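S.K.: Next comes the sequence, and after it the predicted model I'd like to discuss.
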Amino acid sequence: MPMYQPSTHRREAELKVDGQVLDVDTAVKDGILDGVGGGLCGGFASEKLNLKQMIDELESVEVPTVFICPISLEPMQDPVTLCTGQTFERSNILKWFSLGHCTCPTTMQELWDDSVTPNKTLQQLIYSWFSQKYVSMKERSEDVQGRVVEILETLKKVKGQARVQALMDLRQVVNAHSTVKKTVVHKGGIALISSLLGPFTTHAVGSEAIGILTNLDLDLNSKSHLMQPAKISLMVDMLNEGSIDTKINCTKLIQILVEGNDSSAERVASLSLLVGLLRLVKDTRHPNGVLAGLLLLKAVCCRESVRISFVNVGGVPQLVKLLPSLNNECLELALCVLELLSATPEGRLALKDCPNTVPNLVKLLMKISENCTQLALSILWAVFKVAPEECASLAVDAGLAAKLLLVIQSGCNLSMKQRSAELLKLCSLNYTATIFISKCKLTATIR
């Protein structure tokens, strides 16, 4: 290797930041290494902490750049320095050498010495910095968990406005610190909060309690307890009468309760719930509410009796009218609900009687996604079966024939192409071939 004559002797504790060489003392004094001061070993916990564990648990914390290995871009645990003065994680630089490289990975300068020198000073500094951050994080976590236990004890004793305030405090802590959710569960918080919901619960208490419960992991016993008629009735009342945040939280909680359980969907799906959900999805000023409402509608409409009830409260024309104003995610959910409704005679008749059904569905073909096109075709097919000749005339005027030909010529799946061909035949029922082509205004190419 070529000989190297260093111009100055570089101490082990020197570091490079943005191209400048700094010693550790200067880095600390100038605040480059935020949170470390008063000597390298300051802030050590009384018991030895594992550096790897601390790095893993502090993953979201911004780490000083001088602690980062230039190869892996991860904090170093065993830093070593090359003859060029660049520092790397030992395992990373040794792997670099094992691949046959004889250069510095950072500068690409040829190495005159391939030995590596442990940078104990930097290692101490890294350990000290992470120790301080880790201990501070644990102390904050313990403080927050202690606060949760204190609030839960308060909830057992207080009533009225004091109870509302305690619930507000707990909700704020749970929303701000995800780590305390387990503490709430382990300390019996779910059962305690659930017990506050009942026929005589004020909306102020109910709103805060439900806001907390939607953010906790509910087990089967907790869900079963919350499925009591008096509790469901309170949720439905607040869905119809509460603020928009309360409505969304009630919807989310009921969604959690019925998820994966078809029989529970039928138990909660009263006419009052369906009316409340319809109001929620119609309020397009609040996209989160529309999404939550459609998700729950899809869940409860798995039961035929619920679908019939939703048709009876006038849900079909209102959902159809909403289609053009929905974002893609909500649009797909709305189409899923309409397809479920089209599986019942009542739903098919309501779709056929709605003047916006065919035009709005035709506009969606080949426009949003393949799944939306498939759902729209399925609904159109269900409607056509009710009154083929009447629907054919409407469909032709809405431009369905041209859209169906596009589907047939596209790369869509075979079932969609077959369904499009069948619908195209139905569209031509009232016309001769020549009149049909003219009526549809098809181009010579499409002919």
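M.R.: Cool, the structure landed.

S.K.: contacts, neighbours, all on C-alpha from now
M.R.: Will do.

S.K.: pLDDT below threshold where in the stretch 301-447 of the chain?
M.R.: Across the stretch 301-447 of the chain, the ranges flagged by pLDDT under 70 are 430-447.

S.K.: On the C-terminal side of the strand or helix carrying G293, identify the next helix or strand.
M.R.: Under the criterion of DSSP states H and E, G293 resides in helix 287-300. The helix or strand immediately downstream of helix 287-300 is helix 304-312, counting by DSSP H and E.

S.K.: now the helix or strand just after that following helix and helix 304-312, what's the angle there?
M.R.: Sequence-wise, the next helix or strand downstream of helix 304-312 (DSSP H and E) is helix 315-322. Interaxial angle, helix 315-322 versus helix 304-312 (axes from the mean of the first three to the mean of the last three C-alpha atoms, to 10 degrees): 70 degrees.

S.K.: in helix 315-322, what counts as buried?
M.R.: 315-317, 319-320, 322 (16 or more other C-alpha atoms under 10 Å).

S.K.: since we're on S98, how many residues are nearby?
M.R.: By the criterion of other C-alpha atoms under 10 Å, S98 has 10 neighbours.

S.K.: mind checking how far L257 is from M235?
M.R.: Distance of L257 to M235, computed by C-alpha to C-alpha, to the nearest Å: 12 Å.

S.K.: One more: L197?
M.R.: 9 Å.

S.K.: quick one, which of these two is more surrounded?
M.R.: M235 (29 against 24).

S.K.: List the backbone torsions phi and psi for the closest residue to that one other than its chain neighbours.
M.R.: For M235, ignoring the flanking residues on the chain, the nearest one in space by C-alpha to C-alpha, 6 or more residues apart in numbering is C250 at 5.6 Å. For C250, the backbone dihedrals (degrees, to the nearest 10) come out as phi -60, psi -40.

S.K.: residues in contact with C250?
M.R.: C250 makes contact with 210-211, 235-236, 238-239, according to C-alpha atoms under 8 Å, 6 or more residues apart in numbering.

S.K.: So the closest residue in space to P79 that isn't next to it in sequence versus I55, what's the distance?
M.R.: Closest residue in space to P79, ignoring its immediate chain neighbours: E89 at 4.6 Å, by C-alpha to C-alpha, 6+ apart. E89 sits 14 Å away from I55, going by C-alpha to C-alpha.

S.K.: L351 is in contact with V316, correct?
M.R.: Yes: using C-alpha atoms under 8 Å, V316 is in contact with L351, at 6.5 Å.

S.K.: gap between the residue nearest to G206 when sequence neighbours are not counted and A230?
M.R.: Leaving aside its chain neighbours, G206 sits nearest to L197 (6.2 Å; criterion: C-alpha to C-alpha, 6+ apart). Per C-alpha to C-alpha, L197 is found 8 Å from A230.
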